[in-house]
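A.B. asks: missing the sequence, but the structure's below:
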């Protein structure tokens, strides 16, 4: 299960990390190690993918909290840091830049719903929130993205 979901999980984390491949790969590696170490404790075999995404999402949140040195959006294109060099050329960069401006909860709800195709109920299970909270995050996220992408 982990091997078959690895590419999809990396794509999800790449979007969650707004195109920063190094950060997404680090988080994916941490999440996959955590999943591998906890596979024997995983009880609901029917929801393997959601379980893996929950681990990845929580790892993303933990990493985001510990780093807190996120780059301001205004200086993203001005930084000489080579870790962003490949990502600047990514064709979805305007979307990543808009996603980066969303709070992590709204960003993950948008990605899980629209990119990964999870239902509101499944997302609520993955991120440990109520369905109403997820609906609200989706609504807020959509409205913010419309505004941000309209300016592009």
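C.D. replies: Perfect, thanks for sending it. The shown structure was predicted, so the numbers you read here are calculated from the model rather than taken from an experiment.

A.B. asks: can you give me the helices for the chain?
C.D. replies: 2-16, 21-38, 48-67, 85-88, 93-100, 104-110, 120-127, 131-150 (DSSP state H).

A.B. asks: select from these the stretch with the lowest mean pLDDT.
C.D. replies: Among the helices of the chain, helix 85-88 has the lowest mean pLDDT, at a mean of 48.

A.B. asks: possible to save the helices of the chain as CSV with mean neighbour count?
C.D. replies: For glycine as for every other residue, the C-beta is placed from the backbone atoms N, C-alpha and C. Formatted as CSV, these follow (neighbours: other C-beta atoms under 10 Å):
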stretch, mean neighbour count
helix 2-16, 17
helix 21-38, 17
helix 48-67, 18
helix 85-88, 13
helix 93-100, 18
helix 104-110, 22
helix 120-127, 19
helix 131-150, 16
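
A.B. asks: the residue of the chain most remote from its centre: what's it in contact with?
C.D. replies: Relative to the mean C-alpha coordinate of the chain, counting by C-alpha atoms, centre = their mean, the farthest residue is residue 40 (25.3 Å). Going by C-beta atoms under 8 Å, 6 or more residues apart in numbering, residue 40 touches no other residue.

A.B. asks: separation between it and residue 48?
C.D. replies: Going from residue 40 to residue 48 by C-beta to C-beta, to the nearest Å gives 13 Å.
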